[in-house]
Every structure is written in structure tokens, then in C-alpha cells.
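Participant: Structure for this input, please:
(chains A and B)
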Amino acid sequence: MRVVGKRVRRLDAEDKVTGRMVYPSDRVIDGMLWVEVVRAAHPNARILSVDTAEAQASEGVVRVLTARDVPGLNAFGIQIQDMPVLCHDRVRYMGDAVALVGAETRSIARRAAALVRVEYEVLEPLTDPEKAMLPGAVALHPNGNIMHQGHFSKGDVEIGFKKSSVVIEGFYQVPMIDHAFLETEAGVSYYGEDGQLTIESCGQYVFRDQTQIARALGLELDQVRVTAPYVGGAFGGKDEITVQIHLALMTYHTRRPAKMVAGRDESIVAHTKRHPTRMWYKTGASKSGKLLAVQARFVADTGAYASLGGPVLNLMMEHAAGPYLVPNVKIDGYAVYTNNGFSSAFRGFGCTQACVAIESQMDRMAHKLGRDPLAFRQANVLQQGDLAALGYEMKLAVGAEATVKSARRGKLWKSRRRLAKDTSHHSPSLASYIKRGVGVATQMQGVGLGIGIPDYAEVELRLDRDGRLTVYAGTNEFGQGAYTAYAQMAAERLGVPMDKLGVVGADTAVTPDSGTTTASRTTYAVGNAILMAADKIEALKAEASEPGDISARATFHLPTQDVELGDGLPHLLYSYGTHVALVEVNTLTGEIEVVAVEAHLDGGRVIFRTGFEGQSEGGVAQGIGYALFEEVMLDQGRFLNTNFNTYILPSSLDVPADIRTVPVQVLEASGPYGAKGISETCMVGVTPAILNALQDAIGVRFTRLPVKAEDVLVALEEGRHED
Amino acid sequence: MKIDLRLTINGRGARFEVDPDERLVDTLREKAGLTGTKKGCGIGECGACSLMLNAKLVPSCLVLAASADGAEIVTVEGLASGDGLSDLQQAFVDEGAVQCGYCTPGMLLAGEYLLSRYQRPTSDQIREGISGNLCRCTGYTKIVSAIRKTARRRAIRRSGR
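Facilitator: Here you go, the predicted structure:
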């Protein structure tokens, strides 16, 4: 192939290295107001009164808005509209918005926000999800605190455990973590020349944002325009509404342009998080190394509002048994409302949590059976035609085994014994305190939204008479490189050189609805639509009597399973990956260093090679963060670490120089050129591979993230070795 | 009270009226229209607002604008030579060191600063040199390699003279 699979230049790279790229936070409009949000002073409280008089009277303040200024539905939420645009009677977490201040400058808006007097009746916060789900707990929402639950079984786990010669029980706790995109939530709003209320912002699905904005403002859809082509990172954290409705409200009431940029503290407190989750596992395998039973119970703390907490829990349950064939399965999951922030989509979408647990269990079983951990995985991976844990058939190509085999052939795994002993880079006196280990994890990840949720992508292609080809797609570019992949696929199919390609993205007034920019779906979904539209362009070209501009639209509907088990449950299409990690532990200081990571990823055909590697390398960094660094800490619903001095992200010193990404291209017949997507798979397996490597290095099984130096020292001190 | 501020930004003189508590990053972004310099945390932890102030790399969110009076400033907008990209910018493009791009301007300035200190930096020196600049997308791999390749090319050019 001419373009597909090549290391082409990103379409947006030049604008980004020169500072010319205009991000939502960069927009400046003449006469714009700055908007600041007055947020809750308590994580759980009744609002008795809101007094805006003093703030409104401040010089430079144009308008203070409260709940009574919301003309439409004062609620939003992707699935359930349970989150107030502006709270009127109750606040349920520290990020809840109570009032908006629009002022001539940002500092005036900030000062005035502090002058809005809110009187509260403070209530005891619900901070423990297991207590919140008990009958009799004070309900945060009308239907009680169990926001969503799921129960699945296949075969009989009790029989499975009885037949097993190894049964392992484990309890795992994973923390709340922040997406920490470098650009905080930001945007501007104004009335366009056509009279449309226009919001240039940072969301992950402009068409759904348009619906949520119009509903809250009581407007028709065509009265609202939303754009968000280029955004400074998202990772699922900008999927839910952030600034959009607030901006629209201020412009609606003042008729003036408005701008919002969240401060980092505000971003960490107010936006969605990864679900902190408690996971109880019991797994059994036969003497010959066959998985016989997996039992899992999840309690995911979804925080104050639903957002996508339900589907996140569903994916956690769907992926609870990993990419393995298991005859006996029992899975119970609960997503529970509390006053701990609110959690929703984040790279991996529930699979991330489950993978930590099941891949730790797999290692423990392999260890007990005295088996090679990769061979043990290979003996149990799902094959095409097998029944997955929840009982549906794996109908499409399954790349799990191919990634395991690739890992077994990889340098890191083959040299693991030598690498684990190699401490020669340390002084002899220190070397005896250095322990190294190698760990692995295998994973599968649903691609697309799953059955029951409309999932389609419409695109438009325009071929100018001068040979310029433009792809109009409604998805966003927040770093993943998808626009470049779109251009490559269009260029390949129509034989147009890459320098004639352009992509116009995410604008409800200009681009078709290509669906969400989430769920590892855009290369697959938009790519397929591009190929369909390209075929139409070819046909039109053949019919045309003279040269002219040609355009064509096409819509691709993602195929689904024929059984429906819940919202987005299950998937038909999955990506696969096996990660191998080499870690080094200084047993004197407890310090952990991730020395090398190999990622064997099956996302089908690789379209944009540089982007594929870049995603993988970034996924490794995020997986290290989840394993070793990151945790949003709360005390009674109040956030303790809300900026990067206390919420620690991996820096260039914490991510290994040695990251190797191996494309395992099991071509997917339904994918464009055989492609699927890897933007989540590339992160999810990294964390358990590190945990397994730590076990290999020092014989300690860590079951609570993040693992810090002090945890290592305490574990060694207590002699907490796994036999 | 407003304070009169004179700066040389990317070789050009500029005058501003600033508040006493105004940060340099905000002056650049909101008054000079130079939004290439980004703001990620406001407390000097993420490096997105890095720029060169009198040839030193600083996080401009920690610099009071008024204290920079008379300073020479280089931002990302001043890196390109003529209408082409600088060699480091070009290396970022070629190596795929850019994803969402929000850390990129600060990374480029940090890269230039370390290349001004080390003619042939080791990988460890490069990692140390950009360790004040957070990136959530790339895992740093391709950023390090773009800086390393630029250093090598510059060394070859120097030895060729």
C-alpha cells in the first residue's frame, strides 16, 4: 500500500509546533465576558438560599446567573439527566455548580464569585460506596444509591472451583484518578452571523453536546452550533458536558460573547474521574492449566452523578474474565452513588480496573501451578467461535493468542532471566539491594459503543476540480492522530497524494455526525464510512462528463452482536494486547523504576504508524501513572490534591526510554483495510504487567494502587512474600 | 494601579499596561495575542508556559509581568526562522513528537534551552532537561528522539564549518 501503514506527517503537526493552532482556551473574541463558576462549599448539603446581590453589584460584573435562569431542563448527563446545570436545592459533590458570574475581566469574575452568598444545611457526606449501597442509607437520588447493577453467570462456579486444583482469592482496590489533559476544560460562546448560539469548546461529541445544550436552554437543535475540532487532550474526561452549557447560558442571557477556562484545581474537582473500584475475585484452574472458574464482584464508586457510570460498569463486567475461555463464570457489579466527585469515561472504560484484577489472578494461578505465565495465558485465550465469559460468541477475528505469541518471541521475555539478574549498572555495594523482575498482562478491549447504543459514523468527502480532497468528519482531534489516519485512508482509496488531503472536523454546522470520539472507535467507524464515500466519489467521477467538484456522503453503522445484555453490552469487535514490563526495585529505598516495556498490540491493520506508536508510548506512561503515581485523594468528600504539585504525573524521568511497540496485525475483515483501534488497549495492560513484574522482582503481590516506595518498604519489612 | 511594562518579544519591542499581580503568561496570551504559550497548571509544575526570559528557561506563570520589565523574551512564535520551521520544530514534526500539542510549545523551549547548554546531550540529559514539562499524550519517547536528532544534526553542522 502506498500511504496506509506509513509514517506520514501528522496533518496538524506544523500548526502545533509553531503555536499557530488555536485551541478552545486560546480563543479571544472582542467584547467577551469571562465566566467563573461558583461551586459547592460542601460535598453534601441542602441549599437554603443563594444571594447574588453583592456579586451582581460589583463593578465590572455583567450578570450573575442561578438555577432560576436556566430556561430549559436544568439537568444534563449523557445517559441519565441527573446532574443540575446550576443546583437549586441540593449539592452532591464539591464540583457542583451553584451560580455563574459573567464579568469584564477574569479577575473581576473571580472576585465576584467569592461574593455570592450561599446558605447551606450541611449533611453527612456518603463516602463509602459499600455503606451507601446498604438499605437505609440516605439516598442521593430518587431511585436510591445503587445507580446500576449487573449479575451474570455461566455454568456453575462452585462446580468449577471444586474441580480446580488451584483456587486463588484476591481483593483489589484501584483509586480515583484524573485524566490530567494538559488543556483544562475551555471554550467560548457567541451568537454567530446566522443567529446561531455558537459554542466553540472541548467536548468529545459535538452533536450530543448540541442536544444537551439545546435541551437545557429550551432551544431547537438548529439554534445551537457546537464545534470542537482541536482539543488539548481528553482521554474520556471531556466526554460529558463541562463548560458548554454554562457558556451558552451566559451568552443567551447577556447576548455577549463569553469565555471560560477551568483552573487546574477546578478541573480536578469538577470534571469526571476514573471510578475508584473494589474488586473481589476468586478464580480456579485445573492441574493441567485450564481456567475452570472466574467469580468477580465489583463495587465501583460512581460519585454524585450517573454520566457514563452504567456503561463503565457494564464494560468492567464484560471484561471481568479477560480474553479467556472460562466455562464457569459469576459476575456481580454495582455502580454506587456517593459524594466523592463523579466518575465516568476514562481510557479503558472499566476494562482498566478489571484488567488489574484478572491479570493479577492469572499470574497468581500460573505461579501456583508452576507454569510459565505467558504459556498459561496462551493455553486459555479465547479463539474465534468460542463463547466469551458472558456467554456470547466471539464472532470476529480474535488476536489474543497472536499477541501472546508475539510477546513470547519478544526480546524482553526471551532475555528475562538475564535481564532480571542484570544489576551491573549499579555500584557493587548497591547492586545486592537491587531486585529486578519481568511481568506480563494480556487484555482485550471492546471497540465501539456496543449493542443497544446507536453507533454510526457519517462522513462527507469533497474532491475539488484541482484535485484537493477534503474529509468532513464530526469527530475531534485531541492528540490521537485520527485525522491523519482518515486522510491516509481517503488518499489510499482514491489515489490522491497526501499533500492534497485535508480534514475538517467536529462542527455541527459543517460536518456530518460521525459519532463519539471515544471507545477506540474512530479509525474503524469513520474509516469505513470514508471508504464507502470514496466508492461513491469514484462512481460520480466515472459518470461526470467534465471535471468539477464532486462530493459524496456515506454512513457506516457498526455491526453488533445479536444478543443484548445491557447498555453497550456486549461488543462484537475487540482489540487485543499483551504487555511485558521490566521493573527494578531498590529494596533500600523502596523506589520502583520501570526499565522497559514491550507492547504487542493487535488493533488490526495499522493505518498511521507513527500515531500508533505514539498512542502506545503514551499509554505506557499512563499505565505507569496508574500503577505507581496517581491517586485523587479525598477526605469526607473534599479533594486533597488538586494540582500537579500533589497529583503526581509521570515525567520524562519516570517513563522508560526503552518502549517497544510491536504491531500484531490480525486483519479485521469488517475494518477499513483491516483496521480496528488501539487507543485504549495500549494503556490497559501496562498497569497489571507492572504489578506482575513487581511480584517477580521482590515476591510481593500488591493489590492496591498506586504502589509507592513506602508500600514497598512496608511490604518488605513485614515479609509479605507470596509463596 | 497599572504598571507600564516594556518587553522585547521575539525580537520586537512591545509595551503593556499590567496589573501588579498579573503573570507574564497572561500578558502574553491576553494582551500580546501570543497564545502559543500555554497554561496548564498556573503553579509552575507542568511547564506548558515555558519560555525564554533573558536566555533562561522559565515557567511564565510564576513570573510577575511587572518584574520582567526590560526583558528579552522568546516564545514558540519566535522559533521559526523566516517562513520555515526551525530544525527542532521540524524534528518534532518528523519524529511524531506532537500529539494533542498543548505541551509542545513548552517542550520546544525546554529543548532549545538544553541544546544551548549541551552540544551533544545524552539521553539522560535530555530527559532531565524536559523533566519540568509534563506531557500526557506521548510518553516522551518521540520528544526525546526529536531533541537528540536535532543535537546530532547541529553538531555535524558545527564540525562541518
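
Participant: domains in chain B, as residue ranges please.
Facilitator: B:3-78, B:87-160 (automatic domain parsing).

Participant: Look up how far chain A lies from the residue most central in space within chain B.
Facilitator: Of all residues in chain B, the one closest to the mean position by Cα atoms, centre = their mean is B:Leu109, 2.5 Å from it. Going from B:Leu109 to chain A by Cβ to the nearest Cβ, to the nearest Å gives 10 Å. Just so you know, the C-beta spots here come from the backbone N, C-alpha and C atoms, and that holds for glycine as well.

Participant: any idea how far B:Gly101 is from the residue in chain B positioned nearest to chain A?
Facilitator: Chain B approaches chain A most closely through B:Gly36 (2.1 Å), counting by Cβ to the nearest Cβ. Distance, B:Gly36 to B:Gly101, by Cβ to Cβ, to the nearest Å: 10 Å.

Participant: quick one: which of these two has more around it?
Facilitator: More neighbours surround B:Gly101 than the other of B:Gly36 and B:Gly101, with 31 against 26 (other Cβ atoms under 10 Å in any protein chain shown).

Participant: Which residue is the nearest non-sequential neighbour of the more buried one?
Facilitator: Nearest residue to B:Gly101, sequence neighbours excluded (Cβ to Cβ, 6 or more residues apart in numbering or on different chains): A:Lys16, at 3.2 Å.

Participant: Tell me which helix or strand that neighbour sits in.
Facilitator: helix A:13-18 (DSSP states H and E).

Participant: Determine the longest helix present in chain B.
Facilitator: The helix spanning the most residues in chain B, taking DSSP state H as the definition, is helix B:141-160.

Participant: Return the most buried member of the domains of chain B.
Facilitator: domain B:87-160 (a mean of 22; mean count of other Cβ atoms under 10 Å in any protein chain shown).

Participant: Quick check: most distant residue from the centroid of chain A.
Facilitator: A:Ser545 (48.5 Å).

Participant: A:Ala599: neighbour count?
Facilitator: Neighbours of A:Ala599 under the rule other Cβ under 10 Å: 33.

Participant: any idea which element it lies in?
Facilitator: Following DSSP H and E, one finds A:Ala599 within strand A:592-602.

Participant: May I have that strand as CSV, with CA atoms only?
Facilitator: Extracted C-alpha coordinates of strand A:592-602, given in CSV (Å, rounded to 0.1, in the frame of the first residue of the first chain):
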residue,chain,number,x,y,z
ILE,A,592,10.5,1.5,41.7
GLU,A,593,11.8,2.1,38.2
VAL,A,594,10.0,0.8,35.1
VAL,A,595,13.1,-0.1,32.9
ALA,A,596,11.5,-1.3,29.7
VAL,A,597,8.0,-2.1,28.3
GLU,A,598,7.1,-4.1,25.2
ALA,A,599,3.6,-3.6,23.8
HIS,A,600,2.3,-6.3,21.4
LEU,A,601,-0.9,-4.8,20.1
ASP,A,602,-3.5,-6.1,17.8
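
Participant: counting contacts, what elements does the one helix or strand A:Arg493 maps to pack onto?
Facilitator: Per DSSP H and E: A:Arg493 is located in helix A:482-494. Contacts defined by 3 or more Cβ pairs under 8 Å, 6 or more residues apart in numbering or on different chains; DSSP states H and E place helix A:482-494 against strand A:456-463, strand A:469-473, strand A:501-505, helix A:522-543, helix A:609-624.

Participant: ok, 6 Å please
Facilitator: strand A:469-473, strand A:501-505, helix A:522-543 (3 or more Cβ pairs under 6 Å, 6 or more residues apart in numbering or on different chains; DSSP states H and E).

Participant: which residues sit against stretch A:661-678?
Facilitator: If you take Cβ atoms under 6 Å, 6 or more residues apart in numbering or on different chains as the criterion, stretch A:661-678 is touched by A:4, A:397, A:399, A:402-403, A:406, A:447, A:489, A:520, A:523-524, A:527-528, A:531, A:575, A:599-607, A:613, A:616.

Participant: what's the answer for stretch A:311-326, then?
Facilitator: A:148, A:150, A:275, A:291, A:294, A:296, A:298, A:300, A:329, A:331, A:333, A:335, A:349-351, A:353-354, A:358, A:380-382, A:386, A:389, A:400, A:442, A:444, A:566-570.

Participant: With stretch A:463-471 instead?
Facilitator: Residues from elsewhere that reach stretch A:463-471, judged by Cβ under 6 Å, 6+ apart: A:462, A:486, A:490, A:496, A:500-503, A:537, A:547-550.

Participant: And stretch B:37-49, by the same measure?
Facilitator: Outside stretch B:37-49, the residues that touch it by Cβ under 6 Å, 6+ apart are A:182, A:264, A:643-645, B:25, B:28, B:51, B:59-62, B:75, B:102-103, B:105-106, B:132-134.

Participant: Looking at these, which are in strands?
Facilitator: Taking DSSP state E, the ones among the contacts of stretch B:37-49 that sit in strands are B:51, B:59.

Participant: Help me confirm that A:Leu412 is found in a helix?
Facilitator: Yes: when DSSP: H, G, I helix; E, B strand; the rest coil is applied, A:Leu412 is found to be in a helix.

Participant: what's it in contact with, if anything?
Facilitator: Residues near A:Leu412 by Cβ under 6 Å, 6+ apart: A:580, A:582, A:596, A:598.

Participant: Need the pLDDT of it.
Facilitator: A:Leu412 is assigned 98 on the pLDDT scale.

Participant: what's the answer for A:Val22, then?
Facilitator: Predicted confidence (pLDDT) for A:Val22: 98.

Participant: can you check A:Glu718 too?
Facilitator: For A:Glu718, the pLDDT comes out at 88.

Participant: One more: A:Ala544?
Facilitator: A:Ala544 is assigned 86 on the pLDDT scale.

Participant: To what extent is it buried, counted in neighbours?
Facilitator: Residues lying near A:Ala544 (other Cβ under 10 Å) number 10.

Participant: now A:Arg418
Facilitator: Neighbour count for A:Arg418, taken as other Cβ under 10 Å: 8.

Participant: can you check the one 4 residues further on too?
Facilitator: Using other Cβ under 10 Å, A:Asp422 has 16 neighbouring residues.

Participant: For it, give its distance to A:Arg436.
Facilitator: Separation of A:Asp422 from A:Arg436 (Cβ to Cβ): 7 Å.

Participant: Contacts only, for A:Gly170.
Facilitator: By Cβ under 6 Å, 6+ apart, the contact list for A:Gly170 reads A:281, A:361.

Participant: Using the three-state scheme, assign it.
Facilitator: At A:Gly170 the chain is in strand, as set by three-state DSSP.
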